[in-house]
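Trainee: Here's my sequence, what's the structure:
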Amino acid sequence: MNILSDFISYSGFANVTWGHIVMILLGCVLMYLGIAKSYEPLLLVPIGFGILMGNIPFMQDAGMQLGIYEDGSVLNYLYFGVIKGIYPPLIFLGIGAMTDFSALLSNPKMVLLGAAAQIGIFLTFLGASWLGFTPMEAGAIGIIGGADGPTAIFLSSRLAPHLMGVIAISAYSYMALVPILQPPVMKLLTTPKERVIKMKPVRNVPKVEKILFPIIGFLLTAFIAPTALPLLGMLFFGNLLKESGVTDRLADTAKNGLVNTVTILLGLTVGASTQATTFLTWQAVGIFALGALSFIVATAGGVLFAKLMNLFLKKGKKINPLCGAAGVSAVPDSARVVQHVGLEYDKTNYLLMHAMGPNVAGVIGSAVGAGILLAVLGKGL
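Mentor: Numbering: from 1, shown residues only. Below you'll find the predicted structure:
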């Protein structure tokens with residue numbers, strides 16, 4: 001009977017709380033969105049299951065090294081890649097190897113839309129500061145507006161590690177909800193006439209330009225924001241592997257095996273870090289609210305800046321303002337949203353390639369934005 005009593009005391013049934021139940025339900029919701037709705041399944045399914053793993057109740061003082069925050073546990077070792085910012089640059093390496101910058105090179109002015117959308121980062125930073133978060137916490141929260149999960153994890157691991165789980169879940173959740181969050185903002189800020197603007201076909205970009213771009217782009221952006229070196233370096237290096245034409249095996253490894261492995265480890269450990277005791281707080285609710293606002297502001301910033309640019313562009317060279325919404329770095333989902341909304345008003349107006357320009361520019365912009373915040377706020381680290 002003593003053995004049976006000890007067994008029961010160690011079981012999850014004896015240690016469960018309402019918080020564990022809520023978090024397990026949240027994990028199931030994220031997996032449902034990923035599986036049934038196909039909202040960023042490669043991210044939400046690992047994160048959702050990781051939440052389940054992180055919220056299985058057990059006796060905390062048993063010394064069995066089970067939890068992700070317990071020294072010596074397997075999950076704690078895997079989580080090392082998150083808290084030390086190892087996983088995000090590796091994911092950026094894969095992103096670079098998968099990304100074609102031709103749309104941006106074909107129409108370089110579209111980079112301005114990617115830059116304009118980063119206003120979501122800095123306005124969210126101000127909003128978080130106004131709500132009482134410390135400057136470093138506000139900076140980590142602000143990066144949610146960049147719509148880039150790896151960048152959010154990288155910056156929060158430096159500025160506010162205690163908020164990293166909440167920030168990561170918020171960033172990835174809203175990235176998955178881009179098809180829901182962006183269209184209302186895009187339609188509200190544009191007129192029917194603007195939505196049917198047709199843009200000139202993108203030009204054929206010579207191979208030499210594709211090879212030079214990651215080298216020149218890296219040098220330029222790294223000089224602007226050296227603190228974002230791990231992200232920018234890996235992003236442009238991955239793209240060079242793709243475009244050089246002589247490192248196909250390396251590029252294939254980066255965009256397939258490596259990025260898939262790291263995505264699994266990142267998703268599971270980030271999900272497991274959101275334990276009920278650290279996640280279910282009013283502070284977390286505020287971060288989620290700021291995250292939603294930041295996505296809306298970023299989308300609006302890109303659309304409105306495209307409208308501003310059109311005031312100075314000649315007829316026939318104007319930009320469809322819907323493309324400004326792709327300035328957030330949720331690649332390629334926000335570009336697909338632009339394509340979908342554009343086709344609602346003109347079945348012959350294909351905007352996908354045009355939207356990919358600001359979309360990939362947004363990836364670079366969010367990394368530069370993170371570097372600026374880290375340089376300004378992380379001096380004492």
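Trainee: Break down the stretch 101-250 of the chain into its helices, ranges please.
Mentor: Assigned by DSSP state H, counting those that start in this stretch, the helices in the stretch 101-250 of the chain fall at 102-106, 111-116, 119-130, 135-142, 149-159, 164-176, 178-188, 192-195, 207-224, 229-244, 248-253.
Trainee: Okay, buried residues for stretch 118-134 please.
Mentor: Buried residues in stretch 118-134, counted by 16 or more other CB atoms under 10 Å: 118-125, 127-129, 133. From N, CA and C alone the C-beta is placed, and that goes for glycine too.
Trainee: returning to that earlier point: deepest in the core, which of the helices of the stretch 101-250 of the chain is it.
Mentor: Comparing those by mean neighbour count (mean count of other CB atoms under 10 Å), helix 149-159 ranks first with a mean of 28.
Trainee: okay, the angle between that one and helix 229-244?
Mentor: Relative orientation of helix 149-159 versus helix 229-244 (axes from the mean of the first three to the mean of the last three CA atoms, to 10 degrees): 150 degrees.
Trainee: Other residues contacting the helix or strand harbouring residue 91?
Mentor: Element membership for residue 91, per DSSP states H and E: helix 87-98. Residues from elsewhere that reach helix 87-98 (CB atoms under 8 Å, 6 or more residues apart in numbering): 81, 150-151, 153-154, 214, 230-231, 233-242, 251-252, 254-256, 258-259, 262-263, 265-266, 331, 363, 367.
Trainee: With stretch 335-351 instead?
Mentor: Residues contacting stretch 335-351 (CB under 8 Å, 6+ apart): 178-179, 182-183, 186-187, 192, 195-196, 198-199, 320, 322-323, 325-326, 352, 354-356, 359.
Trainee: Can you give me the buried ones in that stretch?
Mentor: For stretch 335-351, burial by neighbour count (16+ other CB under 10 Å) applies to 335-339, 341-342, 349, 351.
Trainee: same question, stretch 43-60
Mentor: Buried residues in stretch 43-60 (16+ other CB under 10 Å): 43-55, 57.
Trainee: Quick check: mean pLDDT of that stretch?
Mentor: Average pLDDT, stretch 43-60: 87.
Trainee: Residue 198 contacts residue 318, doesn't it?
Mentor: No: with contacts counted by CB atoms under 8 Å, residue 198 stays clear of residue 318, the gap being 9.4 Å.
Trainee: Look at these two and report which has more neighbours.
Mentor: More crowded of residue 198 and residue 318, by other CB atoms under 10 Å: residue 318, with 18 against 15.
Trainee: Low-confidence bits of the stretch 251-381 of the chain, can you list those?
Mentor: 379-381 (pLDDT under 70).
Trainee: Could you report the pLDDT at the residue nearest the centre of the chain?
Mentor: Taking CA atoms, centre = their mean, the centroid of the chain lies closest to residue 148, which sits 1.9 Å from it. Looking at residue 148, its pLDDT is 81.
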